[in-house]
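[1] structure, please.
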Amino acid sequence: MSQNKKSIYTLQFILLCMSSLLFSSSFNMIIPELPSYLSSLGGAEYKGLIISLFTLTAAISRPFSGKLTDKWGRVPVMAVGSVVCLICGFLYPILSSVSGFLLLRLVHGFSTGFKPTATSAYVADIIPQERWGEALGLHGLCFSIGGALGPALGGWVVNAYGIDVMFYGSSFLAFLSIVIVMNMKETLATKEKLHRSMFYIGRKDIIDVGALPAGIITFFSYTAYGLILTLIPDWSEHLGAQNKGIFFTAFTIASVLIRFGAGKVSDRHGRTNVILAGLVVTAIALFVISEGTHINMLLAGAALYGMGTGILSPAISAWTIDLSNPEHRGKAVATMYISMEIGIGFGALLGGSYYSDHIMRIPQIFKIDILIIITGLLYLLYWKSRNTNKKMLK
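    Residues are numbered from 1 along each chain as shown. Have a look, this model is predicted:
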C-alpha cells in the first residue's frame, strides 16, 4: 500500500488531538467571562487588553518556542504550554486586582506561544506531506471542538458554581493535557539537551522569510478573531444571549463541520485557492455580524465566521509547512503564529480602544475590519500573480 493511502489515525496522532482538545478547552473556557470579570474588578476600561496582552507574550515567545521545538524537542515544548495554563488557572482567584489580572493575562499568553508551535511541527513529522492539509484539518477540528466546549462549559460552571471554580476547572483540563503529552513519543530525530544557548535569539531565529507570505495572510485574517474575542461577549449580552459562550459554540460547530473537507481540498486543489475562498467567507461573516440586531442573526454570522476559519486554518497551516525547510519547521510555524498573535492583538487593541464600553460602536468596528480582510485578499492575489509570472519566465 502506498504511503499516502495509509491511515493517518495512528496512536500518536490521536493522542496529539486529544491533548490539543483539552488544552484548547482550558484557555478558551474562561474567555467569554473575562470582560465582565474585569469590570467587576474595576477595570472596565482595560477590556481591550484582555486579549492583546495574552497575544503579546504569545508572539514574543514564538521565536523561543520555534527554536526549542527544533532543538529540544516537540514533546517538552508542548508540555510547557499546558503547564502555563495549569498554573494561571490557579492564580486568577488569588491575584484578584486589576493589575494582578493583567499580569496573569501576560503570563497566560506563553501557553499558546509554546504548545501550538510544537504541535504543528509534530504533525508534519508523523504525516506524509501530501496529507498535511487533511491531518492539520483533523487536528484543527479537535482544537476547535475544545474551543466550542470550553466557553459553553465555562458559562455553565460560572452560573452553577461561581467564577473561581471555572478558573480551577481550566487548570484541571490543562493537567489532563499534560498527562497525555508526557506519554507521547518524541519525533525530533536529533534532540539536544536543554541548554541556555537555546534561549539566545538572533535576528535570523525570529522570522522564517520563506514562510512570510503565509504569515502576512494570517495577520490580516486573524484581526477579526481579536475583535470577536474582545467584543462578542458584550454584544451577545446586549442582544439577549443568556450564555455569552453561545457565539463561540456556534462558530466552532460550523468550523468543525467544514474543516476536515477544506483541508483535503487544499491538498488536491492548492492552498492559495482555498485561502482565497476562506477570506471571502470571513468578510461576508463580519458583514452579517455587523448588521445583526437579533441573536439569531448573530448566530448566523457566527456560523459563517466558523466556515471561514474552518476553510482558512488548515490551508494556511499546510501552506506554511509547504514553504518551510524541514530543518526549520518549528521556526516556520512560529512565524505563522507570531503573525496570528499580532493580528489577534491588533484587532483586540484597536476594537477595545474604540469600543470603550459604547455598545453601539461594535457594528462599526466589524465593518472596518472587512476592509482589512479585503486587503489580505488583494495581497494574496498579487502574490499568486507574481509567482505565476516567475514560473512562466523559467
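[2] just give the nearest non-adjacent residue to Gly376, would you?
    Phe220 (2.8 Å; CB to CB, 6 or more residues apart in numbering). C-betas here are computed from N, CA, C, even on glycine.
[3] likewise for Leu68?
    Closest residue to Leu68 apart from its sequence neighbours, by CB to CB, 6+ apart: Val77 at 5.1 Å.
[4] so what pLDDT did the one you found get?
    The per-residue pLDDT reported for Val77 equals 94.
[5] ok so, going back, the residue nearest to Gly376 touches Asp369, doesn't it?
    No. Using CB atoms under 8 Å, Phe220 and Asp369 do not qualify as a contacting pair, with a distance of 9.6 Å.
[6] surely Ile201 and Lys67 touch.
    Yes. Using CB under 8 Å, Ile201 makes contact with Lys67 at a distance of 6.7 Å.
[7] the more surrounded of these two?
    Neighbour tally, Ile201 and Lys67, criterion other CB atoms under 10 Å: the higher count belongs to Lys67, 24 against 13.
[8] that one is in what secondary structure piece?
    Using DSSP states H and E, the element containing Lys67 is helix 47-71.
[9] got the confidence number for Asn389?
    At Asn389, pLDDT is 63.
[10] and for the one 3 residues further on?
    Reading off the confidence values, Met392 has pLDDT 48.
[11] quick one: Asp164 and Ser96 touch, right?
    No. At 9.2 Å, Asp164 and Ser96 do not qualify as touching, with contact defined as CB under 8 Å.
[12] where in this structure is pLDDT low?
    1-6, 260, 389-394 (pLDDT under 70).
[13] okay, and the spatially most central residue of the chain sits in which element?
    Centroid-nearest residue in the chain, with CA atoms, centre = their mean: Met340, separated by 7.3 Å. With secondary structure defined by DSSP H and E, Met340 is part of helix 329-355.
[14] that helix to helix 47-71, inter-axis angle?
    Angle, helix 329-355 to helix 47-71, by axes from the mean of the first three to the mean of the last three CA atoms, to 10 degrees: 180 degrees.
[15] show me what contacts the closest residue to Leu95 other than its chain neighbours?
    Closest residue in space to Leu95, ignoring its immediate chain neighbours: Leu104 at 5.7 Å, by CB to CB, 6+ apart. By CB atoms under 8 Å, 6 or more residues apart in numbering, the contact set of Leu104 is 88, 91-92, 95.
[16] okay, helices next: where are they in this structure?
    11-28, 34-40, 47-71, 74-91, 98-126, 132-161, 163-181, 203-206, 212-238, 246-269, 271-291, 295-322, 329-355, 362-393 (DSSP state H).
[17] to Arg196, which of those lies closest?
    helix 47-71 (11.8 Å; CB to CB).
[18] flag every buried residue along stretch 42-53.
    By neighbour count with 16 or more other CB atoms under 10 Å, stretch 42-53 contains the buried residues 43, 46-53.
[19] which of these lies closest to Ala302?
    Ile51 (17.5 Å).
[20] the closest one contacts Leu229, doesn't it?
    Yes. Using CB under 8 Å, Ile51 makes contact with Leu229 at a distance of 4.7 Å.
[21] rewinding a little: now the angle from the helix holding Met340 to helix 295-322?
    Calculated by the same axes, to 10 degrees, helix 329-355 forms an angle of 150 degrees with helix 295-322.
[22] and the angle for helix 329-355 with helix 212-238?
    Put simply, helix 329-355 runs at 40 degrees to helix 212-238, going by the same axes, to 10 degrees.
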